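**Student:** okay, here's the prediction I keep looking at, along with the sequence it came from:
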Amino acid sequence: MCGRYALWGIDDLGGRFLVIDPMLGLRSHFNIAPGTENPVIIRGRESNYIRMMQWGLVSRRTRDNPSVPHLINARVESLTRKQIFAELLARSRCIVPANGFYEWKKTGNGREPHFIHIRGKALFGIAGLWDTWQDTRGRTVASYTIITTEPNRLVSPLHNRMPAILRREDEQRWLAPPQPMEGDLPDLLPPYPADEMVAYKVGAAVNSPAGDGEELIRPCPVQKSWFD
């Protein structure tokens, strides 16, 4: 599961993801949690653009069913098997920009948070799905879910899932038609290469969704980065 991530390369979104409206002036966040509104990249008629959406998918199909939880993650294996995801895979794919994400390792002392990022802490894109629905006031609400895949050897000691990080050359393929078929998904959304990533333990302050600041991604003292 991917339940928290960080995004601070806000001013670079336009150039990095080739969007016409980079939405300059957005704040960086180092502890993005479900239920918050964040920039998501979607395909327009002429070019890609950024739209603010709530993390936690509510689809048109499930909006009137209060027992259905807001879906923060979608397993890549279920994209063509579950109707709610299959419909969105056909028409509503998106990219979630991030600089890194968190996972918690179970230990004898409890769950220890770790920060994982691509070397250099560069911006990357996570594959996602999105949809819109109308609330009781008639307002359009846009929401998204992050797709997860099998972990690579860096993430597997921490968790049995990881975000489906797109290779840069596959980002436009993910957004543009035609829709990916089931046989395309293993090649399009594989675990990101472990040797291109770094993971290290961080402080417990990230455990609270209220915490937000660059100090959250600092390594704990006397802690070596794996594969660093």
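**Tutor:** That came through fine. Numbers count the residues shown, from 1 in each chain.
**Student:** can you give the distance of the helix or strand bottoming out on mean pLDDT in the chain from its chain's centre?
**Tutor:** With mean pLDDT, DSSP states H and E as the measure, the helix or strand of the chain carrying the lowest mean pLDDT is helix 13-17 (a mean of 91). With C-alpha atoms, centre = their mean, to the nearest Å as the basis, helix 13-17 stands 16 Å off its chain's centre.
**Student:** and that helix, what does it pack against?
**Tutor:** Using 3 or more C-beta pairs under 8 Å, 6 or more residues apart in numbering; DSSP states H and E as the contact criterion, the neighbours of helix 13-17 among helices and strands are strand 37-43, strand 93-98. Placement of C-beta: from N, CA and C, glycine included.
**Student:** ok, and what's touching it?
**Tutor:** With C-beta atoms under 8 Å, 6 or more residues apart in numbering as the contact definition, helix 13-17 has outside contacts at 9, 19-24, 39, 41, 48, 50, 95, 97, 123, 125, 171.
**Student:** thinking again about what came up before, quick one, which of the helices and strands packed on helix 13-17 gets closest to Gly203.
**Tutor:** Nearest of the helices and strands packed on helix 13-17 to Gly203, taken as C-beta to C-beta: strand 93-98 at 19.7 Å.
**Student:** so for the closest one, what's the average pLDDT?
**Tutor:** Strand 93-98 comes out with an average pLDDT of 98.
**Student:** same question, stretch 129-143
**Tutor:** Confidence over stretch 129-143 (mean pLDDT, whole number) is 88.
**Student:** buried ones in that stretch, by neighbour count?
**Tutor:** Neighbour-count burial for stretch 129-143, counted by 16 or more other C-beta atoms under 10 Å, picks out 129-131, 133, 142-143.
**Student:** next: stretch 191-206.
**Tutor:** Neighbour-count burial for stretch 191-206 flags 191-192, 194, 197-203, 206 (criterion: 16+ other C-beta under 10 Å).
**Student:** quick check: which of the helices and strands packed on helix 13-17 is nearest to Leu185?
**Tutor:** Nearest to Leu185, of all these, is strand 93-98, at 11.7 Å by C-beta to C-beta.
**Student:** ok, and the closest non-adjacent residue to Thr23?
**Tutor:** Careful, residue 23 is Met; it's not Thr. Once its chain neighbours are removed from consideration, Met23 has its nearest residue in Ile50; the separation is 5.0 Å (C-beta to C-beta, 6 or more residues apart in numbering).
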